[in-house]
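Asker: compute the structure for the input listed below.
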Amino acid sequence: MENNILEEKIIAVAKEVFIEKGFDGASMSDIAARVGINRPTLHYYYRTKDKMFQAVFLSIIQSFIPKIQDVFVDDNKPFSEKIKIVVDTYLEVAKNNPYMPMFVMREINRNAKDFIKAVKPVYMDKFLNQIAIYLQSAMDKGDIKQVPLRIVFNTFYGLMSFPFLSKNLIFMESDKEFNDLIDEWKPYMVDQMIHLLCK
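Answerer: Below is the predicted model of the structure:
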């Protein structure tokens, strides 16, 4: 198996194991066994579980951060259109990784400091800071309403995450049924964010 193909498989399996068992419950031995390699081979690619977690998290956020950044630097789009694109992008990532919101919540509740330390090398904090600066600038210029940034983030991530966190509560019988629910939910989420921010 070529190195890059094996590395992709390791990341895919590690993501499944982390989501299934959490960071503490996941083991390098289990990941190696599921990939079909021995531990020394796994350690050749990722020496520690922290490094592997960072690689898994990076593979997910890399799928949406460039798109979000492109939206915010495009001055030709009205803010309401930017909200629609951001919601579409986030929900698409979440639909492709439906257990990730639960995993993130569980890890934050387990040990927020460790979680922040683990994701720091993948520049998540820098990305969130850039969004905060953009939003504050738009508020200062009067382009959007003055809303405390913590309220903006709590509203956005609450609206985005809750359907995934409550998936078992609403008894979805199939992935298609759940995806249909998310598609139905999306315009309401967009409307809420537009109402919160747009004049």
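
Asker: point to the helix or strand of this structure where mean pLDDT is at its lowest.
Answerer: One helix or strand of the chain scores below all others by mean pLDDT, DSSP states H and E: helix 100-119, with a mean of 76.

Asker: what does it contact?
Answerer: Contact partners of helix 100-119, identified using Cβ atoms under 8 Å, 6 or more residues apart in numbering, comprise 18-19, 22-24, 50, 53-54, 57, 60, 93-94, 125, 160-161, 164-165. All C-beta atoms are positioned from the backbone trio N, CA, C, and that covers glycine.

Asker: following element in sequence after it, please.
Answerer: Heading C-terminal from helix 100-119, the first helix or strand you meet, by DSSP states H and E, is helix 124-140.

Asker: same for that following helix, what does it pack against?
Answerer: On a contact count with 3 or more Cβ pairs under 8 Å, 6 or more residues apart in numbering; DSSP states H and E, helix 124-140 meets helix 49-61, helix 65-73, helix 149-165.

Asker: at 7 Å instead, please
Answerer: With contacts taken as 3 or more Cβ pairs under 7 Å, 6 or more residues apart in numbering; DSSP states H and E, helix 124-140 sits against helix 65-73, helix 149-165.

Asker: contact partners of the first one?
Answerer: Counting contacts by Cβ atoms under 7 Å, 6 or more residues apart in numbering, the residues outside helix 65-73 that touch it are 82, 85, 86, 89, 127, 131, 134.

Asker: contacting residues around the second one?
Answerer: Spelled out, it's residue 85. residue 71.

Asker: and for the first one?
Answerer: For residue 82, the set of contacting residues under the criterion of Cβ under 7 Å, 6+ apart consists of 71, 72.

Asker: with the third one instead?
Answerer: The contact partners of residue 86, by Cβ under 7 Å, 6+ apart, come to 68, 71.

Asker: pLDDT on the host helix or strand of it, on average?
Answerer: For residue 86, the host element (DSSP H and E) is helix 79-96. What helix 79-96 shows for mean pLDDT is 89.

Asker: the protein - how does it break down into domains?
Answerer: Domain segmentation of the chain under automatic domain parsing yields 3-56, 62-197.

Asker: check the gap between the most centrally placed residue in the chain and residue 144 for me.
Answerer: The centroid of the chain falls nearest to residue 61 when counting by Cα atoms, centre = their mean (5.9 Å). Separation of residue 61 from residue 144 (Cβ to Cβ, to the nearest Å): 25 Å.

Asker: about what we covered before: which of the domains of the chain sits most buried?
Answerer: Of all those, domain 3-56 has the most neighbours on average by mean count of other Cβ atoms under 10 Å, namely a mean of 16.

Asker: contacts only, for residue 91.
Answerer: Listed by Cβ under 7 Å, 6+ apart, the contact set of residue 91 reads 160, 182, 186.

Asker: quickly note the distance from it to residue 84.
Answerer: Taking Cβ to Cβ, one finds residue 91 at 11 Å from residue 84.

Asker: likewise residue 65?
Answerer: Residue 65 is 18 Å from residue 84, by Cβ to Cβ.

Asker: residue 142 too?
Answerer: 21 Å.

Asker: fine by me, we can end here.
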